[in-house]
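Engineer: after the sequence you'll find the predicted model.
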Amino acid sequence: MLRGKKILLIIGGGIAAYKSLDLIRRLRERGASVTPVLTKAGAEFVTPLSVSALAGDKVFTDLFDLTDEAEMGHIQLSRSADLVVVAPATADLMAKMAHGHTNDLASTLLMATDTQVLAAPAMNVRMWDHPATQRNLSQLGADGILFVGPNDGDMACGEFGPGRMAEPLEIVAAIESTLVQGPLTGKRIIVTSGPTHEPIDPVRYIANRSSGAQGTAIARALAAQGADVVFVTGPADVPPPAGVQVVRIETARQMLQAVEDALPADAAVFAAAVADWRVASASGSKIKKDAGRMPVLEFAENPDILARVSQRKADRPALVIGFAAETDNVIAHAEAKRARKGCDWIVANDVSPATGIMGGTENAVHLITADSREDWPRMSKQDVANKLAQRIAEALD
Ligand code: CTP
């Protein structure tokens, strides 16, 4: 699957660097060649000798020691690869990438490259949760960096939580899905997913029961067919798929902005459960209990992202797909919704609590187009996604 692919692997300074040795082995087993770059901190955890022995190639360690500058400068080094992989991507490396620092070979390569970058973060759970890292993560997602992991689990530092680097085989799978060639190769597709959170005050918000499972499955299926996916997600229960560009947002208005920033695209799939209303003037400070007086919330209507994109003139995607989550008269409501919003297709489903669809693993949908309707049997959300991705590939062909 990776035969002939060239991977530039940047190994940062974290305990997870030992897993990168196995990653090199797994990549080479699959026919890829690996050019390793070891940061100074990385060399505290694994030795240049073991890295180069496993890679079967010279290991590049420092910008100023790059003796082959004349024959292979750092710019060329960064561009001759099919993919740049950063594993482990430490908090420090992510900060450098987000802010454009270039004070060593790894950060310089990351600035100079015009090749897709995939990062596998690894750090202490508190460092991962720190607002600075989360800010950098959002920035890097918006810059087009792809991520795999981190996973939850016991950490070398004795704590538990998100921050463990993805396992080598998970990173290999993310690399494969990034480099995969398929019917959607070269097509850019925006997918919205998950709920939105609309603030009431700094600690409270209005949300809905969307888990993000269906949107995540769709993004995964499209990426597996080779699409270049921009995944705009609200705070979902399920982690985003590997090999897609993740843009994290919280509110409907942020989602609209992220979608507009991601245009132009060949297709857009609006699977998010967007809040129809937001609190008109969210309080800047926590609303306090006030001698039995109840707060009164006034609402304002959120922009309809699907309708706005469907009605764009110059850069409307060739295929715009909406979802209709209904609890009664599913088909009639969905058909009316397709016409009202101006999208091409509607994927309609019944989300009455008795169906167990919202938050569940299965879905039963109807695919409604301008002149046809297909009733798909109940199946897993991933199967719905795969079938939809296949239909999209046929439509964009
Ligand atoms: N949608 C959107 N922006 C909104 C509301 C909905 O992009 N502000 C999209 C959803 O992602 C979905 C489709 O519109 O693809 C339909 O969402 P749904 O909540 O079912 O429809 P509503 O517009 O809320 O209509 P209604 O309240 O009549 O059901």
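Structural biologist: Now that the structure is in, tell me what you want to look at.

Engineer: which positions in the chain make contact with the ligand?
Structural biologist: Residues of the chain lying near the ligand by Cβ under 6 Å from any ligand atom: 192, 252, 270, 272, 274, 276, 302, 304-306, 322-325, 337. C-beta here means a position set from N, CA and C on the backbone, and glycine is covered the same way.

Engineer: out of those residues, which are buried?
Structural biologist: When those are checked for burial by 16 or more other Cβ atoms under 10 Å, the buried set is 192, 252, 270, 272, 274, 302, 304-306, 322-325, 337.

Engineer: lowest-confidence entry in the residues of the chain next to the ligand?
Structural biologist: Taken together, the residues of the chain next to the ligand show their lowest pLDDT at A325, with 90.

Engineer: doesn't that residue fall inside a strand?
Structural biologist: Yes - if the criterion is DSSP: H, G, I helix; E, B strand; the rest coil, then A325 is within a strand.

Engineer: excluding residues flanking it in the chain, which one is nearest it?
Structural biologist: V351 (4.5 Å; Cβ to Cβ, 6 or more residues apart in numbering).

Engineer: how many neighbours does that neighbour have?
Structural biologist: Here the count is done by other Cβ atoms under 10 Å, and V351 has 22 residues near it.

Engineer: can you pull the domain assignment for the protein?
Structural biologist: Following automatic domain parsing, one finds the domains of the chain at 6-179, 188-396.

Engineer: centre of the chain to the longest one, how far?
Structural biologist: So the one you mean is domain 188-396. 15 Å (Cα atoms, centre = their mean, to the nearest Å).

Engineer: quick one: end-to-end length of it, please.
Structural biologist: When the termini of domain 188-396 are compared using Cα to Cα, to the nearest Å, they are 11 Å apart.

Engineer: likewise stretch 308-323?
Structural biologist: 15 Å.

Engineer: could you tell me the least trusted of the domains of the chain?
Structural biologist: Looking over the domains of the chain, mean pLDDT reaches its minimum on domain 6-179, with a mean of 90.

Engineer: name the residues linked to D375 by a beta bridge.
Structural biologist: For D375, the beta-bridge assignment (DSSP bridges) gives partners H366.

Engineer: wait, it sits on I368?
Structural biologist: No - judged on Cβ atoms under 8 Å, D375 makes no contact with I368 at a distance of 9.9 Å.

Engineer: which one of the two is surrounded by more residues?
Structural biologist: Taking D375 and I368 together and counting by other Cβ under 10 Å, I368 has the greater number of neighbours (24 against 11).

Engineer: what does stretch 281-297 rub up against?
Structural biologist: When contacts are taken as Cβ atoms under 8 Å, 6 or more residues apart in numbering, the neighbours of stretch 281-297 outside the stretch itself are E198, P199, I200, D201, P202, V203, R204, V279, A280, E298.

Engineer: residues near W128, how many?
Structural biologist: Applying other Cβ under 10 Å, we find 20 other residues in the vicinity of W128.

Engineer: wait, I meant R135
Structural biologist: Applying other Cβ under 10 Å, we find 13 residues neighbouring R135.

Engineer: by neighbours, which of the contacts of stretch 281-297 wins?
Structural biologist: Ranking the contacts of stretch 281-297 using other Cβ under 10 Å puts E198 first, with 24 neighbours.

Engineer: wait, that residue touches I206, no?
Structural biologist: Yes - with contact defined as Cβ under 8 Å, E198 counts as touching I206 (4.6 Å).

Engineer: list the neighbouring strands of the helix or strand encompassing A268 plus their orientation.
Structural biologist: When elements are assigned from DSSP states H and E, A268 belongs to strand 267-270. Note on strand 267-270: by DSSP bridges, its sheet partners are strand 188-193 (parallel), strand 319-326 (parallel).

Engineer: just the C-alphas of that strand, formatted as PDB.
Structural biologist: Taking Å, rounded to 0.1, in the frame of the first residue of the first chain, the C-alpha atoms of strand 267-270 are listed here in PDB:
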ATOM      1  CA  ALA A 267     -18.800  19.000  -2.400                       C
ATOM      2  CA  ALA A 268     -20.000  19.800   1.100                       C
ATOM      3  CA  VAL A 269     -21.800  17.500   3.400                       C
ATOM      4  CA  PHE A 270     -23.700  19.200   6.300                       C
END
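
Engineer: for the helix or strand that that strand is followed by, packing partners?
Structural biologist: In the C-terminal direction, the helix or strand that comes right after strand 267-270 (DSSP H and E) is strand 277-279. Based on contacts counted as 3 or more Cβ pairs under 8 Å, 6 or more residues apart in numbering; DSSP states H and E, the elements that strand 277-279 packs against are strand 198-199, strand 205-206, strand 299-301.

Engineer: one more time with 7 Å
Structural biologist: Using 3 or more Cβ pairs under 7 Å, 6 or more residues apart in numbering; DSSP states H and E as the contact test, the elements touching strand 277-279 are strand 198-199, strand 299-301.

Engineer: E170 is nearest to which of those strands?
Structural biologist: Taking Cβ to Cβ, strand 198-199 is the member of the helices and strands packed on strand 277-279 nearest to E170, at 33.6 Å.

Engineer: now what about the helix or strand containing V51, what contacts it?
Structural biologist: Under the assignment given by DSSP H and E, the secondary-structure element containing V51 is helix 48-55. Around helix 48-55, the neighbours that count as contacts under Cβ atoms under 7 Å, 6 or more residues apart in numbering are I11, L21, I24, R25, V34, P36, L38, K58, V59, T61.

Engineer: list buried residues within those residues.
Structural biologist: Members of the contacts of helix 48-55 that pass the buried threshold by neighbour count (16+ other Cβ under 10 Å) are listed as I11, L21, I24, V34, P36, L38, V59, T61.
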